[in-house]
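[1] Could you look at this predicted model? Sequence included:
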Amino acid sequence: MLEISFIRQNVDLVRAAIANKRLDVNLDDLLEADKERRDAMGKLEAVRARKNEIASIIPKASKEERPALIEEGKAVKTQLEQLEPGMAAIAKRYEDLMLRIPSIPRPEVPVGKGEEDNVEIRKVGTKREFAFKPKDHVELMTALKMVNWDGPRQFAGGRSYALTGLGALLEMAVTRLAVDTLVERGLNPVLPPVLVRERAMTGTGFFPLGREEAYNIGADDLFLVGTSEVPLVSLHADQVLDAKDLPIRYAGISNCFRREAGAAGKDTRGLYRVHQFTKVEQVVFCVPDEAVAEEEHYKLLGNAEAILAKLEIPYRVAIACTGEIGLGQTRKHEVESWMPSREAYSETHSCSTLGDFQARRSNIRVRLADGSTAFAYTLNNTAVASPRILIPLLENHQNEDGSIYVPPALRPYLFGREVLRPSEAI
RNA sequence: GGAGGAGUGGCCGAGUGGUCUAAGGCAGCGGUUUUGAAAACCGCCGUGGGGCAACCCACCAGGGGUUCGAAUCCCUUCUCCUCCGCCA
């Protein structure tokens, strides 16, 4: 969410952000609603002022004066009752529009429409040249008995799966490797709730635009989160943080649930795009200072890269163009891991700065050194998301016989195994 | 799930229908004093909105109601505490 006075004073900037982020909200509607709201508020407040005035005069008035004042008070009350529903409707329209106004992308973000306009920053590691025909993760995992495909798709629906045996251990291994790496780097691990109220979804910017993407537990008015960013940011909703305690850095570990509503029929093979997955997510709260936020942003990116290095996965880093960054994001880097079966670098991590966009919606403030308050800045980045990360891990580390090389960093979490072999599958 | 109690500014806390325009304390900010710091003293000090300004409006967990007037009374939702029940 942006500040309305900022929007009024920077109409062109906001208009450009809407166009560049390819959103369809109409800024003129908002400006009109704002004008209407202020006009209506002026009228309403004048009546309320009179109401308050009468209420304060009555106790001091003589017995003779009172009846007339009470009569006027009643009239004023009737007037208020007539004005208030209109005011509520105007305010509702204004608020609905405000929730759809994006944050302003930072200057370094390239203007563009889609993925093809993202700008590659660097490639790390070298794509492996196979001396044999590499298998994809579906074949590899099936041979290693790492996954049960058919059962879940029958009883739980499309895009469902069950990780079994070494598959289950491997997901826990990459998860634990990521958590341990982050804890060593000063992040505080959190196992948060994944079932949340609407306020948390709106407060973090996923609603109203992403409503179709979330599972709704209708009977209890709760939603399953698509990322632990939602509960982690909400952890400090309605709080005033002390600047001395910042930055706060969390490592959230959770299951994530996504309906993939706009992706019907897309990436249906294997474990690339699924409805439920496990993710370790980094979330940071810092003071509202662009330089500090930038430093934190690159630290988060560095943490993700350190994990990929331990997993020995080749990847590239790109800065996402305006058309590819979300409503609240002011800057986003994607980390894309090399996936041999897709013959492409595909997204496994997403590192974002949101400025005070989420903090305004969630009412997260900071008390600064001079005693004043301001909205905090928030940032987040994936550390590891599984099973998607298993795709580059298994495909890049496969041997001709279908066995899998285990990078040393992962071995302590896999009973010391250096190789996973189909013949030893559990 | 049942019964009872509670929710007031960054924090603690007073306030049971009318100068509440929310006491007081702590914390914070500015100053005096000091070699420096602490202490003491003086001043400032909730958030948001409207207005050039004087000033006005809203907010006492959320929503609704009663009243000329609500932090205060009523209904409802949420959260916390105590006890009981059920359950991992």
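    Okay, I see it.

[2] Can you check the pLDDT for the nearest residue to residue A:360 once chain neighbours are set aside?
    Distances taken as Cβ to Cβ, 6 or more residues apart in numbering put residue A:1 closest to residue A:360, at 4.2 Å, once the chain neighbours are dropped. C-betas here are computed from N, CA, C, even on glycine. For residue A:1, the model assigns a pLDDT of 85.

[3] same question, residue A:55
    89.

[4] Which other helices and strands does the helix or strand it falls within contact?
    Element membership of residue A:55, judged by DSSP states H and E, is helix A:27-57. With contacts taken as 3 or more Cβ pairs under 8 Å, 6 or more residues apart in numbering; DSSP states H and E, helix A:27-57 sits against helix A:4-9, helix A:11-20, helix A:66-98.

[5] wait, does it make contact with RNA strand B?
    Yes: for helix A:27-57, a contact with RNA strand B is found by Cβ under 7 Å from any atom of the strand, at A:38, A:41-42, A:44-46, A:48-49, A:51-56.

[6] Mind checking which of the residues you listed are buried?
    Among these, those classed as buried by 16 or more other Cβ atoms under 10 Å are A:44, A:48, A:51, A:54.

[7] And those, which is closest to RNA strand B?
    Closest to RNA strand B out of those is residue A:48 (3.7 Å), distances taken as Cβ to the nearest atom of the strand.

[8] so who does the closest one touch?
    For residue A:48, the contact set (Cβ atoms under 8 Å, 6 or more residues apart in numbering) comprises residue A:80.

[9] need the residues of the stretch 201-350 of chain A near RNA strand B, please.
    Residues of the stretch 201-350 of chain A lying near RNA strand B (Cβ under 7 Å from any atom of the strand): residue A:240.

[10] quick one: the helices in the stretch 201-350 of chain A?
    Secondary structure of the stretch 201-350 of chain A by DSSP state H, counting those that start in this stretch: the helices cover A:229-234, A:290-311.

[11] Pick the most buried one from the ones you listed.
    Highest mean neighbour count of those: helix A:229-234, a mean of 26 (counted as mean count of other Cβ atoms under 10 Å).

[12] Which other helices and strands does that one contact?
    When contacts are defined as 3+ Cβ pairs under 8 Å, 6+ apart, helix A:229-234 packs onto strand A:195-196, helix A:198-203, strand A:248-257, strand A:276-286, helix A:357-362, strand A:377-386.

[13] Would you mind measuring from residue A:215 to residue A:274?
    Noted for residue A:215: a distance of 13 Å to residue A:274, by Cβ to Cβ, to the nearest Å.

[14] residue in chain A nearest to RNA strand B?
    residue A:73 (2.3 Å).

[15] circling back: out of the helices and strands packed on helix A:27-57, which gets nearest to residue A:266?
    Among the helices and strands packed on helix A:27-57, helix A:11-20 comes nearest to residue A:266, with 24.8 Å by Cβ to Cβ.

[16] quick check: angle from the closest one to helix A:27-57?
    Relative orientation of helix A:11-20 versus helix A:27-57 (axes from the mean of the first three to the mean of the last three Cα atoms, to 10 degrees): 130 degrees.

[17] Would you mind listing the outside residues contacting helix A:11-20?
    Under Cβ under 8 Å, 6+ apart, the answer for helix A:11-20 is A:2, A:7, A:25, A:27, A:31, A:101-105, A:111, A:322-323.

[18] TSV for those residues, including neighbour count and distance to residue A:289?
    Conversion of those to TSV gives the following (neighbours: other Cβ atoms under 10 Å; distance: Cβ to Cβ, whole Å):
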residue	neighbour count	distance to residue A:289
A:2	20	18
A:7	18	22
A:25	18	29
A:27	19	28
A:31	16	30
A:101	20	23
A:102	25	21
A:103	25	16
A:104	19	16
A:105	21	18
A:111	13	25
A:322	21	23
A:323	19	28
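
[19] Looking at the residues you listed, which is nearest residue A:82?
    Of all these, residue A:82 sits closest to residue A:31, with 26.6 Å by Cβ to Cβ.

[20] and the closest one, what is it in contact with?
    A:7, A:8, A:11.

[21] repeat for residue A:106
    Contacts of residue A:106 (Cβ under 8 Å, 6+ apart): A:290, A:330, A:331, A:353.

[22] quick one: it is in a strand?
    No: counting by DSSP: H, G, I helix; E, B strand; the rest coil, residue A:106 is located in no strand; its state is coil.

[23] From the contacts of residue A:31, pick the one nearest residue A:61.
    Closest to residue A:61 out of the contacts of residue A:31 is residue A:8 (42.9 Å), distances taken as Cβ to Cβ.

[24] Now for that closest one, how many residues are close by?
    13 (other Cβ atoms under 10 Å).

[25] How about residue A:174?
    The local packing of residue A:174 (other Cβ under 10 Å) involves 25 other residues.

[26] so what's the residue nearest to residue A:233 when sequence neighbours are not counted scoring on pLDDT?
    In space, and not counting its chain neighbours, residue A:233 is closest to residue A:204: 5.0 Å by Cβ to Cβ, 6+ apart. On the pLDDT scale, residue A:204 is placed at 94.

[27] Show me what from the stretch 1-150 of chain A comes close to RNA strand B.
    Within the stretch 1-150 of chain A, the residues that sit near RNA strand B (Cβ under 7 Å from any atom of the strand) are A:3-5, A:38, A:41-42, A:44-46, A:48-49, A:51-56, A:58-59, A:69-70, A:73-74, A:76-77, A:88.

[28] does residue A:164 really touch residue A:141, like I thought?
    No: in this structure residue A:164 lies outside contact range of residue A:141 using Cβ atoms under 8 Å: 9.3 Å.

[29] Comparing the two, which residue is more hemmed in?
    Applying other Cβ under 10 Å to residue A:164 and residue A:141 shows that residue A:141 carries more neighbours, namely 27 against 17.

[30] could you point out which element follows the strand or helix carrying the more buried one?
    Assigned by DSSP H and E, residue A:141 belongs to helix A:137-143. Later in the chain than helix A:137-143, the nearest helix or strand by DSSP H and E is strand A:147-148.

[31] Quick one: name whatever helix or strand follows that following strand.
    For strand A:147-148, the succeeding helix or strand toward the C-terminus, using DSSP H and E, is helix A:150-155.
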